[in-house]
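Novice: A predicted structure for the sequence below; I have some questions about it.
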Amino acid sequence: MEEKSKKDHRALLNQGEENELEVFGYRTQNLRRALCLITTMLTCGVLLLVFYWKPQWRVWANCNPCPLQEADTVLLRTTDEFQRYTRKKVICLYLATLKFPISKNPEEPLVADRHSVINHAVLKPELKLRYIQVRKIRYVWDYLEKRFQKVGLLEDSNSCYDIHHTFGLGLTSEEQEDLSCPTFLTVYQKHKFSS
């Protein structure tokens, strides 16, 4: 049991790549957090400075190790000779609060492509999506494979044929005219910046 727990606590991101990272799962403990806040006040903020330079100490002081699936904080460590640490909060996004309709039926995929990472990453029926953002790349928690997976790379899961078959020949001339219309651009920009 203890060995399995340690295995679930640690994983690799970008395995075999130049930017490979070890990721460790932690859950924040309120009592530890309160003690750190009190110590920060007693040391006139010196503890915050220490935690800034040593993010792993901040995580170790405030959190307990847990499986990645339950983590609210992750500690990332580079696998190079420097082994630098970074702390990231796990962000939970509840899709039910969004304004577009989503099926809560576990049998129905959210995205048309049944093999999409998003279909594996959303926990149904809660419609909860957990992710971290590292160096401008998002990694979502895949509930089926029990690991963080990179999101948003078109070339990873689609061949040229898939893209052409899905999106066809691009925009029609009418759609191109609509896009170049100043009124459309104004409406689009208002919508984009209001959300």
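Specialist: Right, received. Where do you want to start?

Novice: Could you pull up phi and psi at residue 27?
Specialist: The phi and psi values for residue 27, taken as degrees, to the nearest 10, are phi -120, psi 130.

Novice: The closest residue to it other than its chain neighbours: neighbouring residues, count only.
Specialist: The shortest distance from residue 27 to any non-neighbouring residue, by C-beta to C-beta, 6 or more residues apart in numbering, is to residue 66 (4.3 Å). Every C-beta, even on glycine, is put in place using the N, C-alpha and C of the backbone. Per other C-beta atoms under 10 Å, the neighbour tally for residue 66 reads 18.

Novice: Next one: residue 66 relative to residue 127, how far apart?
Specialist: Remark: distance between residue 66 and residue 127 (C-beta to C-beta, to the nearest Å) = 23 Å.

Novice: Ends of stretch 71-81, what's the gap?
Specialist: 26 Å (C-alpha to C-alpha, to the nearest Å).

Novice: list the buried ones in that stretch?
Specialist: With burial defined by 16 or more other C-beta atoms under 10 Å, the residues of stretch 71-81 counted as buried are 71, 73, 74, 75, 76, 77, 79.

Novice: likewise stretch 137-145?
Specialist: 139, 140, 141, 142, 143.

Novice: List the contacts of residue 36.
Specialist: Contacts for residue 36 (C-beta atoms under 8 Å, 6 or more residues apart in numbering) come out as 47, 58, 61, 62.

Novice: just residue 46 next, same as before
Specialist: Counting by C-beta under 8 Å, 6+ apart, residue 46 makes contact with residue 40.

Novice: returning to what we had before: go through the contacts of residue 36 and name the one nearest residue 34.
Specialist: residue 62 (9.6 Å; C-beta to C-beta).

Novice: Tell me who's in contact with the closest one.
Specialist: 28, 29, 32, 33, 36, 73.

Novice: returning to that earlier point: of the buried residues of stretch 71-81, which belong to strands?
Specialist: 73, 74, 75, 76, 77 (DSSP state E).

Novice: The second one touches residue 131, doesn't it?
Specialist: No - at 10.7 Å, residue 74 and residue 131 do not qualify as touching, with contact defined as C-beta atoms under 8 Å.

Novice: between those two, what contacts are shared?
Specialist: residue 90.

Novice: ok so residue 38 is a helix residue?
Specialist: Yes - the assignment for residue 38 by DSSP: H, G, I helix; E, B strand; the rest coil puts it in a helix.

Novice: Distance of residue 76 relative to residue 17?
Specialist: 14 Å.
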